[in-house]
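Asks: dropping the sequence and predicted coords here.
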Amino acid sequence: MSRTRRIRSAGLIRGVLAVLICLALWEMFARTSRSTSLTPPLELIGQTLAGMLVDGTLLINTLHTLGRVLLGFCIAALIAVPLGILMGRSRFAERFFLPVVSVLLPIPSLAWVPLFTLWFGIGNTATICVVVYAAFFPLIYNVWAGVRSVLPIWTRAATVMGAGRWALWRKVVWPASLPYVIAGTRLSVGRAWIGVIGGEMLASPTFGLGQIIFNAKEFLNASVMLSVLVVIGLIGVITERFIFNALEEATIRKWGMAASARR
Amino acid sequence: MADGIEVRGVTFEYSTGLGSVLAVKDASFTVAPSEFLCIVGPSGCGKTTILNMLAGFLAPTRGEILIGGKPLGKAKTDRGVVFQDFAQLFPWRTALANVEFGLEMRGVGKAERRATAMEYIRLVGLEKFSSTYPHQLSGGMQQRVAIARALAYNPGVLLMDEPFAALDAMTRDDMQGLVASVWAATKKTIVYITHNVAEAVYLGDKVIVMAAHPGTIRQEIRIPLARPRDPLSDEFIATQRHLLTVLGARKPPARAAAE
Amino acid sequence: MSRITSICITLLAILCLAAAWEAFARFGGYTPKLTPTLSMIGAALVRIAANGVLWTAILATLNRLLLGFAMAAAIGLLIGGLMGRKQWIEDMLLPIVSFVYPIPGLAYAPLFILWFGLGDVPTILLVGISSCVVIILNTWKGVKSIKPIWLRSAEVMGAGDREMLHHIVLPGALPYVMVGLRLGLANAWRILIAVEMLMSVQSGLGWLIFGAQTFLNTDVMLATIAVIGLIGVLLETQVFERIERATIVRWGMAAA
């Protein structure tokens, strides 16, 4: 007990040490270089971050970006989950939709941005369309794979024990496909996140973290960019740690079913 | 080539969060060259710990181990080990390439090591499957490959840790026959860990019975039966009964008869 | 379901998709300039293929992809391998890597423009750095996933440090390493297309789309998107699936 704790705290100390070394290296590099606008020292980044936090720019832009991800993901999920389940259960639906999915899946969502901006104008709609596109395909692919991965003996066993159609879905097929569904959701949110940052840079909606980074380029303002990068990283770590890990811990890891995502 | 083994007053102690645990306490025994020793005992009696010390994976807390008259050093190559887990084979190598591994590590040339490996593949009766990958073989076949692999580089001692515990009963009977014939053909010194008394009586020249908490040697018993042994003969069953009594798994025969 | 029926259904699906697009293009309310019909897209594809624009663009993009990916693979395998073998390196780097991992590579693009200017070099650097993270993580996991029993077996048969690395660690970690390389290449591909739009490079598929937008050449844009999808599929099936069939699938390790 005490030994494992000692090992864990040694790991923590090393981790903190590595972060400190990185920060120190950056600081040395920043102080010796000529331009503080290109390589701002930590103090300046901190000030910028605090300034954006206080005047509310950070909050409003973060909320816009998160809102787009959430909305885009929900739209994608509303179509992808039922369609994916249908594909997993009906051979006809599988043969019908799988080719379409496999053709559209490998096209990077950001390749559509110029086209979407022509169709929907620059701004919010085009950005959200990119997010929907980015989130949709990993999700539908993994929902389908998940439903396919349900072992026939489980459905047979449940039927023998008197499970009706609805109970079979609710109590067997759905939990059994969860490893893939969670993996797909994770991948899908990750792609949506890339899509939203890229979309905000290229389709220039008002507000958004991608927008701030992109506009900061015009003013040669690296400290703004770095502050926003830190915020983006933090949001990523928080969703990973507190949403996905908690979700997995409570379900598939507890059941010993953890799987890795496909595509 | 076959080496004798001498174990002198070996103790193994390890510490957990709750304090130190005595896994093996003051164990001493010898194995003559080409002798077949079985170690039986309940789980937790330290039999696998003894094997791990013989293999050199663990160092004894006290006492010493001699193989071929020399103390166990860093070099572990004078021993072959067969584990219980089928996963011991390297999945990225064919059966033959798995058997070649030990020879490859000794820098034996390709043609020669191929020929030697093939000999051992033949010894375990798998010549038809030499170019098959492990995942395509059944559990019993995988263990055959593991035995061939442990023998191919001609170690002085063969250590086997419950190699057939995860096999079904019929396959296990076959495999026991195989080990007996491999031993007869190669004359290796074998230390064989098992929890199956019938297996120990069928295979061993000598059986060490262990007790748990802490792991100690309870008794050393010679098996005087002639080979090949018949598991249905009266002597075999009597020996088995005697061993079970020593193990404490069975009450003395007198009381059992009265029941 | 027979093979013929299933092929028929697949054909039907593709036909439906084509018909839906065609209906949208003709009656969707946009001008054909914005939503070109299939024949227009086909004609555009033939046109850019015939005058060589497409081939130069593909070559330029693949060239950048290859350089960026090679860089990512080299960094990723080295760092991931070290993290897997040495506990103190894992302790030091894992927090940093997990922080960087969820940041979309594209978010660094403006910073790279600021530091390194526009053009090829920052594009390749960006692709390399942003796609190495997933390779690092998977290589690390792969080395960690090696069964202790393999190491023990090899040790008892006399393998030294170098033989261990070559004969056990490399093949043992391969299932995860392949996953990492695969994801790394897919990331690199996705980011590259977007970066080519941002970095004002003078060639490439992303540039082709972005340039066509200025002249409202939607037929060229859609033709290029189709080519991008096709190359994505080919990279996936012709490169990685082949390597996997020759290694981990053959060894029965593919499900890792």
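Replies: Structure's in. What do you need?
Asks: going forward, measure contacts between C-alpha atoms and count neighbours the same way
Replies: Noted.
Asks: confirm that B:Y192 sits in a strand.
Replies: Yes: looking at B:Y192 with DSSP: H, G, I helix; E, B strand; the rest coil, it is inside a strand.
Asks: contacts only, for it.
Replies: Residues in contact with B:Y192 (C-alpha atoms under 8 Å, 6 or more residues apart in numbering or on different chains) are B:F36, B:L37, B:C38, B:I39, B:L159, B:M160, B:D161, B:E162.
Asks: which phi and psi does the fourth one have?
Replies: Reported as degrees, to the nearest 10, the phi and psi values for B:I39 are phi -120, psi 120.
Asks: and for it, the neighbour number?
Replies: Counted by other C-alpha atoms under 10 Å in any protein chain shown, the residues lying close to B:I39 total 26.
Asks: same question for the fifth one.
Replies: When neighbours are counted by other C-alpha under 10 Å, B:L159 registers 23.
Asks: just the ones of the contacts of B:Y192 in strands?
Replies: When DSSP state E defines the strands, the subset of the contacts of B:Y192 inside them is B:F36, B:L37, B:C38, B:I39, B:L159, B:M160, B:D161.
Asks: ok so, going back, from the contacts of B:Y192, which would you call buried?
Replies: B:F36, B:L37, B:C38, B:I39, B:L159, B:M160, B:D161, B:E162 (16 or more other C-alpha atoms under 10 Å in any protein chain shown).
Asks: closest one of those to A:G233?
Replies: Closest approach to A:G233 among these (C-alpha to C-alpha): B:D161, at 49.5 Å.
Asks: and that closest one, how far from B:L51?
Replies: Going from B:D161 to B:L51 by C-alpha to C-alpha, to the nearest Å gives 7 Å.
Asks: okay, and the nearest residue to B:A59 once chain neighbours are set aside sits in which element?
Replies: Nearest residue to B:A59, sequence neighbours excluded (C-alpha to C-alpha, 6 or more residues apart in numbering or on different chains): B:M53, at 5.8 Å. B:M53 belongs to helix B:47-55 when assigned by DSSP states H and E.
Asks: and what of B:V21?
Replies: strand B:19-31.
Asks: now do that strand and helix B:47-55, the angle between them.
Replies: Counting by axes from the mean of the first three to the mean of the last three C-alpha atoms, to 10 degrees, strand B:19-31 lies at 60 degrees to helix B:47-55.
Asks: average model confidence for the host helix or strand of B:A238?
Replies: In the assignment (DSSP H and E), B:A238 maps to helix B:234-247. For helix B:234-247, the mean per-residue pLDDT is 90.
Asks: follow-up on the earlier one: what's the overlap in contacts for B:D161 and B:L51?
Replies: With C-alpha under 8 Å, 6+ apart as the test, B:D161 and B:L51 both reach B:I193.
Asks: for the closest residue to chain B within the stretch 101-250 of chain C, what are phi and psi?
Replies: Relative to chain B, the nearest point of the stretch 101-250 of chain C is C:M157 (4.7 Å; C-alpha to the nearest C-alpha). Torsion angles at C:M157 (phi, psi; degrees, to the nearest 10) stand at phi -90, psi 10.
Asks: coming back round to it: by contact count, what packs against the strand holding B:V21?
Replies: Contact here means 3 or more C-alpha pairs under 8 Å, 6 or more residues apart in numbering or on different chains; DSSP states H and E; on that basis strand B:19-31 packs against strand B:5-16, helix B:47-55, strand B:216-222.
Asks: most packed of those?
Replies: helix B:47-55 (a mean of 22; mean count of other C-alpha atoms under 10 Å in any protein chain shown).
Asks: low-confidence regions, chain C specifically.
Replies: Applying pLDDT under 70 to chain C flags the ranges C:1, C:254-256.
Asks: does the spatially most central residue of chain C sit in a helix, a strand or a coil?
Replies: The centroid of chain C falls nearest to C:A186 when counting by C-alpha atoms, centre = their mean (1.9 Å). What three-state DSSP gives for C:A186 is helix.
Asks: what about the nearest residue in space to it that is not next to it in sequence, how many neighbours?
Replies: Spatial nearest neighbour of C:A186, excluding adjacent residues (C-alpha to C-alpha, 6+ apart): C:G232 at 7.8 Å. By other C-alpha under 10 Å, the residues close to C:G232 number 20.
Asks: is it correct that C:G232 falls within a strand?
Replies: No: read with three-state DSSP, C:G232 is helix and lies in no strand.
Asks: could you list the domains of chain A?
Replies: Domain segmentation of chain A under automatic domain parsing yields A:1-32, A:39-250.
Asks: tell me which residue of the stretch 101-250 of chain B lies closest to chain C.
Replies: For the stretch 101-250 of chain B, C-alpha to the nearest C-alpha, closest residue to chain C: B:G102, 4.7 Å.
Asks: I'd say that residue and B:N154 touch.
Replies: No: using C-alpha atoms under 8 Å, B:G102 is not in contact with B:N154, being 9.2 Å away.
Asks: so these two - more neighbours on which side?
Replies: More neighbours surround B:G102 than the other of B:G102 and B:N154, with 29 against 20 (other C-alpha under 10 Å).
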